[in-house]
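In: quick one, structure for this:
(one chain, ligands or ions: 1)
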Amino acid sequence: MSINRRIFLKRTGAGLALGSLLPAYSFAKTGGKAEEKPKYSTLKFDVAVVGAGPAGIPAAIAAARNGAKVVLIEEDLAPGGTPVDMYVTFMCGGPRVGLFKKLVQTLNQRFSVGGILSETFGEAGSDGKNHWWMPASFQQVYHEMILAEPNITLMCGVPVVDAIVAEKGNRNQVKGIRIFRNGGFQHIEAAITVDASGNGIVAATAGCKILYGSEAKSDFNESFGLDVSDGKVQPVTQMYISQRVRKDAVFPIDKFGSGVLEDNHRQWAQEQPREEFYARNTGVFLQWGASVYCSDTTDPVRVAEAQQKVMNNQKKNIQVIQEAGFAVHLAPKIGVRESRRVQGEAVITVDDLFKGVKPDDKIADAHYAIDAWGWNIPYEVKTSVKPYGIPYRALIPLNMEGLLTAGRIISGTRLANSSYRVQPICSNIGEAAGTAAAMAALNQTAVRNIDVRELQKNLESYGLFDAYK
Ligand SMILES: Cc1cc2nc3c(=O)[nH]c(=O)nc-3n(C[C@H](O)[C@H](O)[C@H](O)COP(=O)(O)OP(=O)(O)OC[C@H]3O[C@@H](n4cnc5c(N)ncnc54)[C@H](O)[C@@H]3O)c2cc1C
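Out: Prediction:
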């Protein structure tokens, strides 16, 4: 639970006199640590986007092309997020529109794993040709997309450690964030901050209401779900890529039940004939390695424990692959599917997905099955999702100003999240969040007060609503 300045002062017994010596803002989590002298001088932007992943990159680009001065902050040393640092380079769901379509088109044209380049894209970007690409290819295309926007300052290798929060009546306001840079702190001030961190770090440290793990279906009146919450999140998975290094090597497919994807095809190993699997024979495979439950995916120490377990569990498989004449490239980070969700003005429920609700304030289209790993949900239930819309209100955290969320952390139940967490949808949400953030910042208004019809018109002009016209 975050501590704001007022609570800190109350808890420490410091009175009004001390209060007046403190700056106008405080760090939500550390209460009174504003006196820690930053190593670097404060930077100011219209929009700060935290997290350069599938949601954060489109958010930054969308804000920048709308005229905002944007900083895009990433804790890794390179942008890309999950496809780059967790090797999740296979795309699910859609629609594949807007900046996501541009990403996939460029990957198809220049970076096909099997070397078969493709100018075509197919309806909604799903023409059955290329479905995964190398992590480095994502990194390269994302770099180019960011570089093309002179309004974006990219900062990599700088974790955001805290939100800067000002007290404002009943609703506090995020005024920016604090980053850790080269052994010291730096403050970034921004009219609007977009939390696209995949783990809700800004929202959590600012004191927003956080959802984590399964809720009971009665919590948000869902027709399907658990009777009693078990608090679980989806298991984490160590992804890797195996690559032939011995000329005569044949991939030992029969040692693997599932989770191996050859260069260009959609099917998972067990669903296709062996001839088809070997037909292309490029010798490069994307693999879903071992999975384990992690007791708390918001805590890096617990995540490291899970990674150690996984490494141990998949030792044998990796040995089998290596003995068959393949090298294994492990993803640098273990794949964390689920973390915090930030409760917003609206909560997307599984029934919204079943009914295909298109809310009046729709800012993105979405369509994908319910895909909650580790939860045995009947196939008919999983696949009864209709194309649905993401409401703008799901991006606006309850009782907080100056902040929008984007990507997998937006407001929804765990079951709904298991559908909209996929990359095309996260990208569409990010593009909308960046557009909204720029509108609020440049009009000097609150994220709640922007003209949603104008936002929708803008998004329409970027092709974001093309798929279900
Ligand atoms: C194992 C696994 C398999 C998956 N399979 C698929 C699939 O087959 N198809 C599909 O479409 N989707 C799949 N997904 C889901 C999808 O990849 C993610 O949900 C999606 O990438 C989320 O995008 P995001 O931008 O919200 O978050 P992320 O991709 O996590 O990006 C967030 C970024 O924020 C950065 N960040 C985090 N904290 C900080 C901080 N404190 N300071 C600065 N930066 C920070 C991170 O380093 C990261 O770059 C899978 C996910 C996993 C983990």
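In: mind listing what residue 292 touches?
Out: Going by Cβ atoms under 8 Å, 6 or more residues apart in numbering, residue 292 touches 235-236, 306, 309-310, 313. For glycine as for every other residue, the C-beta is placed from the backbone atoms N, C-alpha and C.
In: among these, which lie within helices?
Out: The members of the contacts of residue 292 that map onto helices under DSSP state H are 306, 309-310, 313.
In: wait, residue 156 sits on residue 84?
Out: No - using Cβ atoms under 8 Å, residue 156 is not in contact with residue 84; the gap is 11.2 Å.
In: these two - which one has more neighbours?
Out: residue 84 (27 against 13; other Cβ atoms under 10 Å).
In: name only those of the ones in helices among the contacts of residue 292 that count as buried.
Out: The neighbour-count test (16 or more other Cβ atoms under 10 Å) marks 306, 309-310 as buried among the ones in helices among the contacts of residue 292.
In: filter those down to the ones near the ligand?
Out: Near the ligand, judged by Cβ under 6 Å from any ligand atom, there are no entries from those.
In: tell me how the chain divides into domains.
Out: Under the assignment automatic domain parsing, the domains of the chain span 37-216+338-469, 236-330.
In: reformat those as JSON lines; add mean pLDDT.
Out: Formatted as JSON lines, the domains of the chain follow (pLDDT from 0 to 100):
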{"stretch": "domain 37-216+338-469", "mean pLDDT": "94"}
{"stretch": "domain 236-330", "mean pLDDT": "88"}
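In: for stretch 449-465, buried residues please.
Out: For stretch 449-465, by 16+ other Cβ under 10 Å, it's 450, 452, 455-456, 458-459, 462, 464-465.
In: likewise for stretch 106-113?
Out: Using 16+ other Cβ under 10 Å as the test for burial, stretch 106-113 gives 106-108, 111-113.
In: name the nearest of the buried residues of stretch 449-465 relative to the ligand.
Out: residue 464 (16.4 Å; Cβ to the nearest ligand atom).
In: contacting residues around that closest one?
Out: Contacts of residue 464 (Cβ under 8 Å, 6+ apart): 97-98, 364-365, 428, 431-432.
In: close to the ligand: what parts of the stretch 51-200 of the chain are there?
Out: 51-56, 73-76, 81-82, 86, 88, 90-92, 159-160, 196-199.
In: narrow the residues you listed to just the buried residues.
Out: For these, buried by 16+ other Cβ under 10 Å: 51-56, 73-76, 81-82, 86, 88, 90-91, 160, 196-199.
In: what bridges to the closest residue in space to residue 309 that isn't next to it in sequence?
Out: Excluding its sequence neighbours, the residue lying closest to residue 309 (Cβ to Cβ, 6 or more residues apart in numbering) is residue 292, at 4.9 Å. Per DSSP bridges, the residues bridged to residue 292 are residue 236.
In: coming back round to it: overlap in contacts of residue 156 and residue 84?
Out: With Cβ under 8 Å, 6+ apart as the test, residue 156 and residue 84 both reach 76, 78.
In: rewinding a little: looking at the residues of the stretch 51-200 of the chain next to the ligand, which are in helices?
Out: Per DSSP H, these map to helices at 56, 82.
In: quick check, nearest of the ones in helices among the contacts of residue 292 to the ligand?
Out: Using Cβ to the nearest ligand atom, the ones in helices among the contacts of residue 292 come closest to the ligand at residue 310, 10.8 Å.
In: turn the buried residues of stretch 106-113 into TSV, columns for distance to residue 360 and secondary structure.
Out: Below are those laid out as TSV (distance: Cβ to Cβ, whole Å; DSSP: H, G, I helix; E, B strand; the rest coil):
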residue	distance to residue 360	secondary structure
106	34	helix
107	34	helix
108	35	helix
111	39	coil
112	41	coil
113	42	coil
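In: biggest separation within those, which pair?
Out: Distance extremes for the buried residues of stretch 106-113: the farthest pair is 106 and 113 at 14.3 Å, using Cβ to Cβ.
In: quick one: residues contacting residue 246.
Out: Counting by Cβ under 8 Å, 6+ apart, residue 246 has contacts 325-326.
In: repeat the analysis, applying 7 Å as the threshold.
Out: Residues near residue 246 by Cβ atoms under 7 Å, 6 or more residues apart in numbering: residue 325.
In: name the helices or strands packed onto the longest helix along the chain?
Out: Scanning the chain for the helix with the most residues, using DSSP H, yields helix 423-442. In terms of contacts (3 or more Cβ pairs under 7 Å, 6 or more residues apart in numbering; DSSP states H and E), helix 423-442 is packed against strand 43-50, helix 56-65, helix 98-110, strand 184-195, strand 362-366, strand 403-405, helix 452-461.
In: and the fourth one, what's buried?
Out: Put plainly, it is strand 184-195. 185-195.
In: just give me the neighbour total for residue 65.
Out: Residue 65: 19 neighbours (other Cβ under 10 Å).
In: how close does it get to residue 429?
Out: According to Cβ to Cβ, to the nearest Å, residue 65 stands 17 Å off from residue 429.
In: thinking again about what came up before, between the buried ones among the ones in helices among the contacts of residue 292, which is closest to residue 140?
Out: Out of these, the member with the shortest distance to residue 140 (by Cβ to Cβ) is residue 310, at 28.0 Å.
In: wait, which of the ones in helices among the contacts of residue 292 is closest to residue 390?
Out: Among those, and counting by Cβ to Cβ, the member closest to residue 390 is residue 306, at 29.6 Å.
In: residues contacting that closest one?
Out: Residue 306 makes contacts with 236, 292, 294, 334, as judged by Cβ under 7 Å, 6+ apart.
In: so how many other residues sit close to residue 155?
Out: Quick note: residue 155 (other Cβ under 10 Å) scores 18 neighbours.
In: make JSON lines out of the helices and strands packed on helix 423-442 and add distance to residue 320.
Out: JSON lines is the format used below for the helices and strands packed on helix 423-442 (distance: least, Cβ to Cβ, whole Å):
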{"stretch": "strand 43-50", "distance to residue 320": "40"}
{"stretch": "helix 56-65", "distance to residue 320": "36"}
{"stretch": "helix 98-110", "distance to residue 320": "30"}
{"stretch": "strand 184-195", "distance to residue 320": "41"}
{"stretch": "strand 362-366", "distance to residue 320": "38"}
{"stretch": "strand 403-405", "distance to residue 320": "42"}
{"stretch": "helix 452-461", "distance to residue 320": "48"}
